[in-house]
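*Asks:* I'd like to go over a predicted model; first the sequence, then the structure.
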Amino acid sequence: MKTMSNQTPKSSLALMKQLSHSIKQGLATGERYVELLNVLANDQDPAVLLDATKDLTKLDLTSDYVKLPEHYNFADYYLIFIDRLLGLLKAQNTRLQGDHNDLRMQIAELGEDVAFKFERRIETNEVCFADQEYHLALFSLDLEHRVLGFNSQALVDFFVANHSYQTANDLQTAVAPLINLAKFVQNELNFTIDLGILDTDNQFGYYLNRPDLHTTVIDKLFVATADTGYFLMNLPESNGAELELENQVKLQIKFDPQLEEPQWYFMVQDQASRVSFFDLLLSSDLIQKWYLDNRDDLAVRPSNLSGLK
């Protein structure tokens, strides 16, 4: 009995110390959480906002002894982060709606019924900005490796196919803040970005998902131009074709004849490097119908970022 009485106080003391330590840890975590939230809500430095967001996504708020009030989840921090950056860019057509139970982003031109959230894709280990009706991942965002990449196929699905009832101008206005966001993180935070079909550089190649292309698909475009006043012409090296549209905008579909295994790709050229393949898909009924009707052959590669992480 004497031995047991000596052990019991030691055991109780150990439990008391453990409880005290756990409570201190829980309170310290809560204080850190509040501190990071304040930074994310108020700081004006993009680099500081990035660090705070990364820290919040890694913070473990579970505690057996200290119950924190309801809080945001992993994906919400990404949404708040890009909302803060869009605020720094003075974007006028995006806004956060809801609270920690249902935080979402809306883009004015798409209407109140269209909402976006970040979703974690287990199969690809990506965090993606996706609409909440079709769950199409418009772009992925990797804060740790500083990579932002648009998914060209999802952009076509969402804007060109599913929102074809809206005007090209409205859809271009809707996607503009996302493009500006990508360029901002590239310039201010040294992100690697892939704009995909949103890229307006005259030298950018929109590579097809399938490396080969049967020329009958190009013949279909030739037939479609018959009554339009546009002329589809062969390229000088017989490595594709070129179609000249309004405002001296040219669409080429071609391959590099110097490569042993040539891959087909689109190029869009205009005098000011302001027009993307995405713009043509929205503004040209001719190009849009041809592309969607032959999408199995013409689909642009979803992303050019594989292997960069």
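*Replies:* That came in fine, so what should we check first?
*Asks:* Now for Q153: which residues touch it?
*Replies:* Neighbour list for Q153: N209, A299, V300, P302 [criterion: CB atoms under 8 Å, 6 or more residues apart in numbering]. All C-beta atoms are positioned from the backbone trio N, CA, C, and that covers glycine.
*Asks:* Pull out the buried residues from those residues.
*Replies:* A299, V300, P302 (16 or more other CB atoms under 10 Å).
*Asks:* Spatially nearest residue to the residue nearest to the spatial centre of the chain (excluding sequence neighbours)?
*Replies:* Nearest to the mean C-alpha position of the chain, counting by CA atoms, centre = their mean, stands F139 at 1.6 Å. Nearest residue to F139, sequence neighbours excluded (CB to CB, 6 or more residues apart in numbering): F150, at 4.5 Å.
*Asks:* which residues touch the one you found?
*Replies:* L138, F139, L178, A182, D194, L195, G196, I197, L198, S303.
*Asks:* Tell me which stretches of the stretch 151-300 of the chain form helices.
*Replies:* Along the stretch 151-300 of the chain, counting by DSSP state H, counting those that start in this stretch, helices occupy 152-155, 168-189, 215-224, 277-283, 285-293, 295-298.
*Asks:* What lies in contact with the fourth one?
*Replies:* The reference is to helix 277-283. 155-156, 159-160, 168, 171-172, 175, 197-198, 200, 206, 245, 249, 251, 266, 268, 287-288, 291, 300.
*Asks:* With distance to L56 and mean pLDDT as added columns, please give the helices of the stretch 151-300 of the chain in JSON lines.
*Replies:* Output for those, formatted as JSON lines (distance: least, CB to CB, whole Å; pLDDT from 0 to 100):
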{"stretch": "helix 152-155", "distance to L56": "26", "mean pLDDT": "98"}
{"stretch": "helix 168-189", "distance to L56": "17", "mean pLDDT": "98"}
{"stretch": "helix 215-224", "distance to L56": "48", "mean pLDDT": "95"}
{"stretch": "helix 277-283", "distance to L56": "33", "mean pLDDT": "98"}
{"stretch": "helix 285-293", "distance to L56": "41", "mean pLDDT": "98"}
{"stretch": "helix 295-298", "distance to L56": "39", "mean pLDDT": "96"}
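*Asks:* will you turn those helices into JSON lines that also has distance to L235?
*Replies:* Rendered in JSON lines, the data for these read as follows (distance: least, CB to CB, whole Å):
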{"stretch": "helix 152-155", "distance to L235": "23"}
{"stretch": "helix 168-189", "distance to L235": "27"}
{"stretch": "helix 215-224", "distance to L235": "11"}
{"stretch": "helix 277-283", "distance to L235": "17"}
{"stretch": "helix 285-293", "distance to L235": "17"}
{"stretch": "helix 295-298", "distance to L235": "17"}
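*Asks:* closest to D45 out of these?
*Replies:* Across the helices of the stretch 151-300 of the chain, the minimum distance to D45, taken as CB to CB, is reached by helix 168-189, at 9.5 Å.
*Asks:* Using PDB, list the CA coordinates for the closest one.
*Replies:* The C-alpha trace of helix 168-189 is given here as PDB (Å, rounded to 0.1, in the frame of the first residue of the first chain):
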ATOM      1  CA  ALA A 168     -17.600  37.600 -76.100                       C
ATOM      2  CA  ASN A 169     -17.100  41.000 -74.400                       C
ATOM      3  CA  ASP A 170     -18.700  39.900 -71.100                       C
ATOM      4  CA  LEU A 171     -16.600  36.700 -71.000                       C
ATOM      5  CA  GLN A 172     -13.400  38.500 -71.800                       C
ATOM      6  CA  THR A 173     -14.200  41.000 -69.100                       C
ATOM      7  CA  ALA A 174     -14.900  38.100 -66.700                       C
ATOM      8  CA  VAL A 175     -11.600  36.400 -67.300                       C
ATOM      9  CA  ALA A 176      -9.500  39.600 -67.300                       C
ATOM     10  CA  PRO A 177      -9.000  39.800 -63.500                       C
ATOM     11  CA  LEU A 178      -7.700  36.200 -63.500                       C
ATOM     12  CA  ILE A 179      -5.200  37.000 -66.200                       C
ATOM     13  CA  ASN A 180      -4.100  40.100 -64.300                       C
ATOM     14  CA  LEU A 181      -3.700  38.000 -61.100                       C
ATOM     15  CA  ALA A 182      -1.400  35.600 -62.900                       C
ATOM     16  CA  LYS A 183       0.800  38.400 -64.300                       C
ATOM     17  CA  PHE A 184       0.800  40.100 -60.900                       C
ATOM     18  CA  VAL A 185       2.200  37.000 -59.100                       C
ATOM     19  CA  GLN A 186       4.700  36.500 -61.900                       C
ATOM     20  CA  ASN A 187       6.000  40.100 -61.600                       C
ATOM     21  CA  GLU A 188       5.700  40.600 -57.900                       C
ATOM     22  CA  LEU A 189       6.200  37.200 -56.400                       C
END
